[in-house]
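S.K.: Mind looking at a prediction? Sequence and model below.
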Amino acid sequence: MYDVALFCNDTHWYNFEYEGYEKSKTRLEQFLKGYLRYCSLTKDEISAFYDLIAVYHFQLQATIMEIHGYDCVGADYFDKQYEWLIKWKEQCKAMSKL
């Protein structure tokens, strides 16, 4: 499912964009139409999609720091990433209630 999340993720890697959720959801729905003909996924695996996008987001941030060194970022960088996570979590929670 992690690979599916990577493929279907349409969020911005640094700036939070509210439309990223819907764009990613649309990609996932389209992707699953074909994927599920060949591979099975449980409901729990599919529901992990949004959590896996968050994991990927922070994995990407770690990779950037690993490549460029920790000196390439400042405190504001970490604040922005935390803000991204909080907004993503809030949006996912709100959308799951619909």
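M.R.: Good, I have the coordinates.
S.K.: Name the helix or strand for the residue nearest to Met1 when sequence neighbours are not counted, please.
M.R.: In space, and not counting its chain neighbours, Met1 is closest to Glu45: 4.5 Å by CB to CB, 6 or more residues apart in numbering. (C-beta placed from N, C-alpha, C; glycine too.) Using DSSP states H and E, Glu45 sits in helix 43-47.
S.K.: Following element in sequence after that helix, please.
M.R.: Using DSSP H and E, the next helix or strand after helix 43-47 towards the C-terminus is helix 49-68.
S.K.: Measure how the longest helix seen in the chain sits relative to helix 49-68, angle-wise.
M.R.: Criterion DSSP state H: the longest helix present in the chain is helix 75-96. Going by axes from the mean of the first three to the mean of the last three CA atoms, to 10 degrees, helix 75-96 is angled at 170 degrees with respect to helix 49-68.
S.K.: Show me the contact partners of helix 75-96.
M.R.: Residues outside helix 75-96 that contact it (CB atoms under 8 Å, 6 or more residues apart in numbering) are 11, 14-16, 18, 21, 25, 50-51, 53-54, 57-58, 61.
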